[in-house]
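A.B. asks: When you get a sec, could you give me coordinates for this:
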Amino acid sequence: MTPSALELPIPTPVEELTKDYTYSANSEVVVLTIEAMPRGLRPVVEALMVDCLSTPSDLCMPGADPLNDDGWFTAWQRDPKGLRCRQILAAPAAELHSFTDELDKLSEQYHFDAALEQA
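C.D. replies: Next up is the predicted model:
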């Protein structure tokens, strides 16, 4: 059964998501939000992450188990129109710019919502 929009959880504000994380001065931290993405595009977006975000992330949450931390994988969820995710990313500005450009093209072509919001 597909949940209605009223049953979907309210997103946590970006500032709240990132307040306890540490990262290097060379990285910028953003929150990737994707909604209503066709399911078949999941491997395409993940390939864009690999290609565009090539610098290993040094983002860490104090006290978190690195093997179970959300930073190691993208936690995709079903939404009424396809897939969604919300993930914190840390990478050099040039890599984030490249990823944003490619993701924008993909989202325009396939009519889904995608954004990277500065944390």
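
A.B. asks: Return the set of buried residues in stretch 90-100.
C.D. replies: By neighbour count, and taking 16 or more other CB atoms under 10 Å as the criterion, the buried residues in stretch 90-100 are Ala90, Ala91, Glu95, Leu96, Ser98, Phe99, Thr100. Quick note: C-beta positions are derived from backbone N, CA and C, even for glycine.

A.B. asks: and the helix or strand containing the first one, what other elements does it pack with?
C.D. replies: Take DSSP states H and E as the rule and Ala90 turns out to sit in strand 82-91. Strand 82-91 makes packing contacts with helix 14-18, strand 28-37, strand 77-79 when contacts are defined by 3 or more CB pairs under 8 Å, 6 or more residues apart in numbering; DSSP states H and E.

A.B. asks: nearest to Arg86, of these?
C.D. replies: Taking CB to CB, strand 28-37 is the member of the helices and strands packed on strand 82-91 nearest to Arg86, at 5.1 Å.

A.B. asks: So which elements touch the closest one?
C.D. replies: Against strand 28-37 (3+ CB pairs under 8 Å, 6+ apart) you get helix 14-18, strand 82-91, helix 93-110, strand 113-118.

A.B. asks: Need the winner for burial among the helices and strands packed on strand 82-91.
C.D. replies: Counting by mean count of other CB atoms under 10 Å, strand 28-37 has the highest mean neighbour count of the helices and strands packed on strand 82-91, with a mean of 20.

A.B. asks: Please point out which parts of the helix or strand that it is followed by sit buried.
C.D. replies: Scanning forward in sequence from strand 28-37 by DSSP H and E, the next helix or strand is helix 42-52. Residues Arg42, Val45, Leu48, Met49, Cys52 are the ones in helix 42-52 that count as buried (16+ other CB under 10 Å).
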